[in-house]
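Asker: okay, predicted coordinates and the sequence, questions at the end:
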Amino acid sequence: MNEPRLRRDGAWVGASVPRREDPRLLAGRGRFVDDVVLPGMLHAQFVRSPVAHGRIVAVDLDDVREVPGVVAAFSAADLDLRDITALLDRPPHEFVPTAMPVLARDTVRYVGEPVAIVVARDPYAAEDGLEAAVVEYEELDPIVSDTAALAEDAPLVHAEAPRNTLVDVSLFATEGIDDVFADAHCVVRVRTKTGRQNALPLETRGVVADWDDRDEQLQVQTATQVPHQVRTVLARCVGLHEKQVRVTVPDMGGGFGQKCVVGREEIAAAAAALRLRRPVKWIEDRRDALTAAFLAREQRYDVRAAFDAEGRILALDADVVCDMGAYSCYPFTAGIEPLMASAEMPSVYKVPAYRVRGRALTTNKAPTAPYRGVSRPQYVMVVERLMERAARELGMDAVELRRRNVITVFPYTGVNGITYDPGSYRESLDLCEQVVRDEGWYDVRAAEGRVIGIGYACFSERTGYGSGAFAQRKMQVVPGFDISEIRMDTSGTVSVTTGTMSHGQSHETTMAQIVADRLGLDIAQVKIVQGDTDRITYGWGSFASRSITIGGSAVAAASVQLGEQLREIAAHLLDADVDGCELDGAGGVRLRNDPERRLSFAELADVAYLRSHLLPKGVGPGLTATASFDVPGDGTFSNATHGVVVELDPGTGGIEILRYVCVEDCGVAIHPQIVEGQCRGGIAQGIAGALFEQVTYDDAGQPQAPSFMEYKVPTAAEIPDVAIHHLETPCAFTANGAKGAGEGGTIGAPAAVLNAVNDALRATGVELDDTPIAREAVHRALEGTLV
């Protein structure tokens with residue numbers, strides 16, 4: 001790499017240093033769940049429901065147990081496990097909990113739901129065992145759409161959920177809002193539906209579980225973003241104390257939210273290992289990953305916006321319906337999507353009046369879990385479509401209309417009760433448009449003979465949700481804080497724990513940069529420890545762009561505390577005041593007024609551990625520090641504007657992205673190259689949702705995209721080069737001035753692409769609001785103008 005080792009000011013933070021993970025990962029020396037091999041290890045697969053909705057009449061596994069190589073087969077009755085139940089502290093008319101059995105017990109509610117587990121000496125024998133299972137079902141009518149779920153006299157997916165509604169919450173309703181709409185100069189409306197998607201991490205889900213007699217502990221190695229939550233649920237399901245369960249996470253090939261909930265298969269495989277007292281491995285195959293894993297994003301919006309004659313927004317009125325599939329996910333519940341959309345829809349705009357109703361419906365589809373962005377790609381798309389539509393109705397330039405409405409004075413408390421910390425909303429919008437204009441794309445758009453469109457999306461990304469933000473959702477399990485412990489050994493190097501969990505974000509590098517700056521070490525002297533419930537006090541894992549904002553702040557605070565200990569010991573040994581000593585930035589402590597007098601960290605650690613009698617009075621042996629951090633208030637907001645140029649093919653309806661510009665502000669970038677990687681990866685997933693990916697079902701609830709032949713994933717040929725421009729508005733309350741950067745790319749892409757396509761269709765009078773954008777719809781619109 002040609003990147004500098006350090007910034008010019010000598011700091012590690014802000015430098016794109018070589019990633020510490022790369023040597024092993026790029027050389028094939030990484031260790032993922034499927035690389036784990038234990039003596040006597042067995043392999044598991046699941047008997048899954050072939051019907052979307054039905055009663056289980058009988059489960060016969062006798063023939064399975066006779067299949068050569070099969071060691072055991074268990075149904076729900078055999079394992080007798082507690083259910084997985086996620087809860088909100090809301091009244092029954094707002095939230096209905098659903099108990100998700102580890103193995104289906106009486107009823108199956110989606111195709112692919114696990115009914116039994118087969119354990120064999122190798123994966124092939126386990127697959128053979130599946131063929132011998134006999135399960136009798138009494139089929140019931142399935143619910144396969146939100147409209148069917150809400151129909152009068154519709155069959156109920158859960159008897160306890162009237163009208164198939166799990167969440168029905170109206171978070172905001174500004175008094176007098178109907179009068180605002182009645183008196184408004186202009187009212188525009190957008191109705192849109194977004195397709196169901198799969199997060200598609202490169203590494204599918206997997207687990208290896210084994211009972212250790214020496215430690216009297218069920219030891220579980222699994223690909224999860226939330227190891228402590230897996231430990232909690234697993235212990236409850238199998239009836240163990242949490243100290244009897246250890247969850248560790250090896251290298252992980254992506255998660256994107258799909259792995260930040262607790263899955264049933266991991267619990268069942270661990271329960272089988274506990275019962276058999278032998279190691280059991282389960283690796284999800286790609287078909288199961290596409291059809292039976294947690295999905296996301298199937299939402300319907302009906303939203304109105306009122307504007308005055310100058311283009312200023314007066315009110316927003318929204319009805320949000322989310323198809324959450326068969327069960328609530330743990331710990332977020334079925335409220336994860338509608339509550340996110342309801343709370344944050346006003347986004348970067350000054351909205352004086354707001355009303356919203358958010359609903360989560362249950363259907364006979366695989367359950368929903370968070371997926372990168374969680375509702376923000378959808379509601380941002382809706383709000384940005386409203387801006388475009390209002391600009392057209394008012395005869396204004398759409399970028400200028402946005403300028404009149406974006407928040408420019410901070411801190412700003414919105415109609416939704418959220419306080420937004422300083423950002424660069426207007427600046428990112430102006431720079432993005434300037435880049436697109438300076439590159440000549442408006443001239444290309446105006447030229448004859450081509451169908452060119454330009455679209456923008458201006459948005460914020462709430463990052464580092466603290467306990468307060470999650471408590472507002474009334475979750476019974478409230479994520480938020482992170483705890484870090486740092487230990488210096490006798491050589492003067494440090495090991496630092498973090499409760500976050502890297503699944504591709506390079507925590508081994510970025511967290512080490514933070515520690516190195518705080519203590520004045522080389523990052524090679526810093527070891528980051530993550531993903532081990534026995535070594536880490538407690539952690540909430542990684543999701544919602546919380547790792548650097550919260551985890552990094554805890555790591556920084558622990559490092560500062562250790563630095564104070566080192567200064568105190570050095571002051572005693574150098575016969576000086578503590579205030580007269582400082583970390584020298586080179587792995588030691590020196591006197592401020594006499595820099596030549598210094599002690600290295602190794603010398604100080606030698607005293608702390610091996611000659612503790614020399615320590616100052618009241619200072620105990622060892623060098624350790626523990627600190628926690630929780631984001632105050634409403635969190636911190638990154639922001640960005642995306643600009644997209646597309647060309648449409650009149651002959652086929654094909655959509656080609658000619659140019660993609662991203663102007664982003666995530667505060668202080670710990671490692672700019674990693675931030676850019678997050679942006680590009682997120683944009684690729686956002687483009688996938690805008691143009692390609694969709695999980696569909698037939699009327700019987702059968703998945704219609706069980707392979708990559710049907711589920712259209714974009715390749716490198718469909719993803720354009722992305723020009724990234726950075727702005728920097730530091731966060732005032734995170735330890736490093738950083739804001740999150742994990743989801744912004746995904747949030748802005750669908751809106752920007754959809755707006756660009758509609759701009760290209762401006763001569764047709766047709767507007768498209770659904771995603772993925774159907775090529776057939778584009779072709780029909782263009783065909784009408786060519787007749």
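Answerer: Alright, I've got the coordinates.

Asker: wait, is Ala289 part of a strand?
Answerer: No: using DSSP: H, G, I helix; E, B strand; the rest coil, the secondary structure at Ala289 is helix, not a strand.

Asker: what about it, distance to Thr107?
Answerer: For Ala289, the distance to Thr107 equals 24 Å [C-beta to C-beta, to the nearest Å]. All C-beta atoms are positioned from the backbone trio N, CA, C, and that covers glycine.

Asker: so where do the helices sit in the stretch 201-350 of the chain?
Answerer: For the stretch 201-350 of the chain, helices defined by DSSP state H, counting those that start in this stretch occupy the ranges 227-238, 264-276, 286-291, 336-344.

Asker: identify each buried residue in stretch 750-769, please.
Answerer: Of the residues in stretch 750-769, 750-761, 764, 767-769 count as buried by neighbour count, 16 or more other C-beta atoms under 10 Å.

Asker: surely Thr363 touches Asp141?
Answerer: No: Thr363 lies out of contact with Asp141 (C-beta atoms under 8 Å); the separation is 11.9 Å.

Asker: looking at these two, which is more packed in?
Answerer: Taking neighbours as other C-beta atoms under 10 Å, Thr363 and Asp141 compare with Thr363 leading, 28 against 15.

Asker: quick one: contacts for that one?
Answerer: Applying C-beta atoms under 8 Å, 6 or more residues apart in numbering to Thr363 gives the contacts Ile143, Val144, Ser145, Asp146, Ala148, Ala149, Val157, Asn164, Asp323, Met324, Gly325, Ala326.

Asker: run the last query once more with 6 Å
Answerer: Ile143, Ala149, Asp323 (C-beta atoms under 6 Å, 6 or more residues apart in numbering).

Asker: any idea how far the helix or strand harbouring the second one is from the chain center?
Answerer: Put plainly, it is Ala149. Ala149 is part of helix 146-150 when elements are defined by DSSP states H and E. When C-alpha coordinates are averaged (C-alpha atoms, centre = their mean, to the nearest Å), helix 146-150 and its chain have centres 27 Å apart.

Asker: could I get the helices of the stretch 201-350 of the chain as JSON lines with mean neighbour count and distance to Gly701?
Answerer: Listed next are those as JSON lines, based on neighbours: other C-beta atoms under 10 Å; distance: least, C-beta to C-beta, whole Å:
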{"stretch": "helix 227-238", "mean neighbour count": "23", "distance to Gly701": "27"}
{"stretch": "helix 264-276", "mean neighbour count": "25", "distance to Gly701": "19"}
{"stretch": "helix 286-291", "mean neighbour count": "19", "distance to Gly701": "11"}
{"stretch": "helix 336-344", "mean neighbour count": "26", "distance to Gly701": "20"}
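
Asker: excluding its backbone neighbours, what's nearest His682?
Answerer: Heads up, residue 682 is Gly, not His. Take Gly682 and drop its neighbours on the chain: the residue closest to it by C-beta to C-beta, 6 or more residues apart in numbering is Gly745, 2.3 Å away.

Asker: and what about that neighbour, helix, strand or coil?
Answerer: Under three-state DSSP, Gly745 falls in the helix class.
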